[in-house]
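Trainee: just need the structure, nothing else, for what follows:
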Amino acid sequence: MNAAKRGMIMRPTHDNDLELVGLVPSGHTPSTETLLKRLRFVRRFLHARNAHLGHAVDPHDLEDLEQEVLLQTWTQLHQYRGRASIESWVGRITLLTLSSWCRRRRWYQLVEMHRLDH
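Mentor: From the prediction side, this is the model:
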């Protein structure tokens, strides 16, 4: 009897994504190219979130954020466990990077305002 018939909750896995991510560090060129193609959504995702935020981030900073997300993704690739699609996993990294950028920007603005007041 399989787990679904026994009433156990089965977590969906993304074995193909996990396999893809596993091949990238070894220098497997087709896997790296496939992953990079799938990560193209990061730019569109950042632009959509920026529009939702009332264009809080200027276009140059969006490019920097995109690079930061890709760097974060690359350095954290070994942590991907296949519990969600690679796009969902990177989407989370993107949101956290954008949120962090907005917090830093607000902090720098507050510091600058305080400095100008004195």
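Trainee: low-confidence ranges in this structure?
Mentor: 1-13, 107-118 (pLDDT under 70).
Trainee: switch the cut-off to 80
Mentor: Low-confidence segments of the chain, defined by pLDDT under 80: 1-13, 106-118.
Trainee: what ranges do the helices span in it?
Mentor: 15-23, 29-38, 41-52, 59-76, 86-117 (DSSP state H).
Trainee: and these as CSV, adding mean neighbour count?
Mentor: To be clear about C-beta, it is placed using only N, CA and C from the backbone, and glycine gets the same treatment. Output for these, formatted as CSV (neighbours: other C-beta atoms under 10 Å):
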stretch, mean neighbour count
helix 15-23, 15
helix 29-38, 13
helix 41-52, 15
helix 59-76, 15
helix 86-117, 13
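Trainee: residue contacts, residue 94?
Mentor: 42, 45, 46, 49, 69 (C-beta atoms under 8 Å, 6 or more residues apart in numbering).
Trainee: no, scratch that, I was asking about residue 23
Mentor: residue 31.
Trainee: distance of it relative to residue 48?
Mentor: 30 Å (C-beta to C-beta, to the nearest Å).
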